[in-house]
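[1] With the input below, show me the fold.
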Amino acid sequence: QIQRALRSLCIPLERLHIMKGHMMQDMCKGLSRQTHTQAKVRMLPTYICSTPNGTEKGNFLVVELCQNQVRILLVTLYGDGNMSPQMMYKIFDMPEGIMKGEGEALFDFIAQCVSQFLAETTSPDTSSSEERLPLGFVFPFSCKQTQLDKAELLSWSKGFSCSGVVGKDVVQMLQSAINKQELSHVDVVALMNDTVGTLMTCSTEGRPCEIAVVADKGSNCCFMAEAYLVETAEETSGRMCVNTEWGCFGDDGTLNDIFTPYDESVDEESCNPGEKRFEKLVGTLYLGEIVRHALIALTAEKALFTGTDIAVLKQKGVFTIQHVLDIINNEDGTSDVKRVLEVLGLQPSERDCGRVQQICRAVVGRAATLHAVGLAAILSYMCQTRDLETLMVNVGVEGELYTGYSRFEEILQSVSRLLSPECMATLLPSRDGSGRGAAMVTAVALRLAAQRRVVNEVLGPLRLTHADLEKVQALMRQEMEKGLGKHTNATASVRMLPTYVTHTPDGTERGDFLALDLGGTNFRVLVVRVTEEGISMASEIYVIPVPIMQGTGERLFDHIIDCIMDFQTKQNMMTQTLPLGFTFSFPCQQMGLDKALLLTWTKGFTASGCVGQDVVQLLRDAARRKQHSGLQVVALLNDTVGTMMSCGYDDPKCEIGLIVGTGTNACYMEEMRNVGTVEGDEGRMCINMEWGAFGDNGCLDHLFTHFDRVVDETTINPGKQRFEKLISGMYLGEIVRQILLVMTEKQLLFQGKPSSKLQTRNIFQTKFLSTIEVNGLALRQIRGILNELDLDASFEDCVLLREVCQAVSLRAAQLCAAGLAAVVEKMRENRGLDRLSVSVGVDGTLYKLHPCFSQNLQKTLKDLAPNCDVSFHLSEDGSGKGAALVAAVASRAA
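    Numbers count the residues shown, from 1 in each chain. Below is the predicted model of the structure:
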């Protein structure tokens, strides 16, 4: 019988693996917005998003509500890595009946305790209301928390049943009671349970503690989860401490097969049968009871205490956890066991003592093992959700079972290692989690609040209101009208250049066409075949070295002709003369479809002898120098027009082109009657806005932040392309870098230590923004980017970096939308429509690759131009296919 009893208390390894899997499933259920109400493992968000970093300092009050006492502490931290906090405390016994009286009376009593404690511990001059005294409230009951300082009580337990509190914000109730005591300098800033406090006490210098296990009368665990996975909270960046409330695991029946008859008896006799099943297997409140029922059953089977009276064992609660621990912690024979049993009023034989000790060890060993299963589930979950191969983590542990059972730590460590071999947990003893830990939570909350104020000061100027954007839209409209006017065009910052493209494709275009695409450091040559079946292309990319970009114009155009001849030779086309469309993505004044004067170089080009010249002629001259006669240039266009044309082939409603890549620009179909710079009033013409220069006349100066000015001053064209410098990919990374430098200087990042790499211009690439802003990107990948820049980034640094990137890219998308809103509203008014339906062909790496840019742009556009239905098409090769289509439309017209 003894062997059978011991076997029933021993759980095989494969069953532990299954249990771990069940717990992980239930954790995911608890975090999901859809399923969290059905989950037994509740996974409650605590709104604690950071652990101590050792710089916290100041005085902090803690109020801890215990079983029938209130403990008040004053904790002083010195910013020394939290190595030696000073603590004073006092315990107040609760008056009779207060636990079941009115809620207001309970909170008034707590506030009186605070008032009395402060009167006794602080000198009159320090308790003046000049110095705020932050308070952390340890409230060990089930609450629905919606902020760190906002929590509604869901239900009382542990013998409390005060009226008028369930469903109310307990932080507010305590604050009101404190205010009644005229303690106006005391602010309740955080509410938490004891498990979270345990986590915070163990976070000292070095690696932070990210899991806490409490093995006490009850049992619980909390850990730092990726915030975007905590769907029940609004917070999405960084991490948040989640209180698992794992005591209810198994309430759905998943643990029924490991429940022994002894466990069933304990459950039936409890005040909440069928609930908190896991806790009843592991909590010290229940372990003595499990042993008591096992001893009663074994005595009935005549395996124990034969012929002696065991009436004493029939009393509930007679066999306590202290009895159990005294029995199992004694390794030398059974004399201590005999003494414990005799004190209880039993008359054990030598054999009884050995057997009772075996049962006690089995019950407590099982409790330790089950704690390890829960810990293993959390370790594996953290490892998976952080996308790590191995996880190394500190685990804070506290509670009667941990301190009282000598083998608890060894079992917790070895079993969790067996079940989660990919994880390496270091156990740290917690000291006074509910006191010192609560002070830490409060201190961290204040550190973050102070940091938040400075962050908001730094990023505030980048955050645009709806009114700001409407003003930009109105200014853009004003500049557009100026640019179209015959007499005002010369002074407009938005040039509104006619392109001489008067039609978009209609689908009847046929033939083979060559296309050239020069828009940056790479240059492409393409052959495009347009048939009834569709469009096919072959192309080759050539690099333009910096010395050629910044040398003479002759050298640049000779290089381009060399590349064309190389391509034609490879394609076996040297003998053919095909119509050629040339995408030239620099500001030009177009004098005709195949005649355009370069106005200014951008994007790092400075080739001499080109500005003011006809680009098509420069290309023809180079062809003549290279004796290449088969070149028939029929159209020159920029990439924005090409983008519109390539999307127009598939969607006739596409009458706008937009580029948001290295640079930014837009074009659209304007009524000829409004184009004062070209003769004729009939039909429409595509206008190349060259909106990158919007604001060069100073009209956007109010939006330029300190960071934008620094970036502008260090470019090769200060004061030029101002709008582009707020939006395009060439500059966003550099704006972020400037912000990081200021934040580091203000001690908000990298412990105030910038690396020499971070001081290097353009080292922070715009593609980093795209990577960093991917929702749910593991923070170690952000850390990886920062490591490349020789920055030792903490977890909080990564979260803040993401916020900086989001602020910069959101502003870029909003400004782009404001410009576009001016365009679509003008088109709608031109055509006398109540509602305009139009499509935009878009190209550019920022729009295509950034995870949020396109949706931010579209959302803002909807807000600013509610009477326009705008759909967006990603252009497939606007500058290549689009150039060929301009040539095709021109050939068709000819």
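[2] Which of the three states applies to Gln589?
    At Gln589 the chain is in strand, as set by DSSP: H, G, I helix; E, B strand; the rest coil.
[3] got a list of what it touches?
    495, 497, 596-597, 599 (CB atoms under 8 Å, 6 or more residues apart in numbering). In this view, the C-beta of every residue, glycine as well, is placed from N, C-alpha and C.
[4] which one of those is nearest Ile48?
    The shortest approach to Ile48 among those belongs to Arg495, at 53.9 Å (CB to CB).
[5] Show me the contacts of Gln589 that map onto strands.
    Mapping the contacts of Gln589 onto strands (DSSP state E) picks out 497, 596-597.
[6] And for Glu540, the neighbour number?
    15 (other CB atoms under 10 Å).
[7] Which residues does it form beta bridges with?
    Here Glu540 shows beta-bridge partners Val525, assigned using DSSP bridges.
[8] which helices and strands sit right next to the lowest-mean-pLDDT helix or strand in the chain?
    Lowest by mean pLDDT, DSSP states H and E among the helices and strands of the chain is helix 779-788, with a mean of 81. For helix 779-788, the elements it packs on are helix 766-772, helix 795-830, judged by 3 or more CB pairs under 8 Å, 6 or more residues apart in numbering; DSSP states H and E.
[9] Can you tell me which of those is nearest to Ser420?
    That would be helix 795-830 among the helices and strands packed on helix 779-788, by CB to CB, at 21.4 Å.
[10] residues of the helix or strand following that closest one that come out buried?
    Following helix 795-830 in sequence order, the next helix or strand is strand 836-843 (DSSP states H and E). The neighbour-count check on strand 836-843 (16 or more other CB atoms under 10 Å) flags 836, 838-843 as buried.
[11] Among those, which one lies nearest to Asp332?
    Nearest to Asp332 among the buried residues of strand 836-843, counting by CB to CB, is Val842 at 80.5 Å.
[12] could you list every residue that touches that closest one?
    643, 657-660, 848, 854, 872-875.
[13] Among those, which are located in helices?
    643, 848, 854 (DSSP state H).
[14] and the second one, how many neighbours?
    For Lys848, the tally of surrounding residues (other CB under 10 Å) stands at 15.
[15] Please apply the same query to the first one.
    Counted by other CB under 10 Å, the residues lying close to Thr643 total 34.
[16] what's the answer for the last one, then?
    Using other CB under 10 Å, Ser854 has 18 neighbouring residues.
[17] dump the residue contacts of the residue nearest to it when sequence neighbours are not counted.
    Spatial nearest neighbour of Ser854, excluding adjacent residues (CB to CB, 6 or more residues apart in numbering): Tyr847 at 5.7 Å. Applying CB under 8 Å, 6+ apart, we find Tyr847 in contact with 658, 660-661, 853-854, 857, 874.
[18] rewinding a little: put together a markdown table for the buried residues of strand 836-843, with distance to Ala151 and pLDDT on each row.
    Shown next, in a markdown table, are these (distance: CB to CB, whole Å; pLDDT from 0 to 100):
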| residue | distance to Ala151 | pLDDT |
| --- | --- | --- |
| Leu836 | 50 | 97 |
| Val838 | 50 | 97 |
| Ser839 | 50 | 97 |
| Val840 | 47 | 97 |
| Gly841 | 51 | 96 |
| Val842 | 46 | 96 |
| Asp843 | 50 | 92 |
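[19] Now the least confident helix or strand of the chain - C-alpha only, PDB.
    Only the C-alpha atoms of helix 779-788 are listed here, as PDB (Å, rounded to 0.1, in the frame of the first residue of the first chain):
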ATOM      1  CA  LEU A 779      14.400  43.200 -29.600                       C
ATOM      2  CA  ARG A 780      17.600  41.200 -29.800                       C
ATOM      3  CA  GLN A 781      17.500  42.000 -33.600                       C
ATOM      4  CA  ILE A 782      17.300  45.700 -32.800                       C
ATOM      5  CA  ARG A 783      20.200  45.100 -30.300                       C
ATOM      6  CA  GLY A 784      22.000  43.500 -33.200                       C
ATOM      7  CA  ILE A 785      21.800  46.700 -35.300                       C
ATOM      8  CA  LEU A 786      23.000  48.700 -32.400                       C
ATOM      9  CA  ASN A 787      25.900  46.300 -31.800                       C
ATOM     10  CA  GLU A 788      27.000  47.000 -35.300                       C
END
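[20] Now do it and helix 795-830, the angle between them.
    Interaxial angle of helix 779-788 relative to helix 795-830 (axes from the mean of the first three to the mean of the last three CA atoms, to 10 degrees): 100 degrees.
[21] What residues of helix 779-788 count as buried?
    By neighbour count on 16+ other CB under 10 Å, the buried set for helix 779-788 is 779, 782-783, 785-786.
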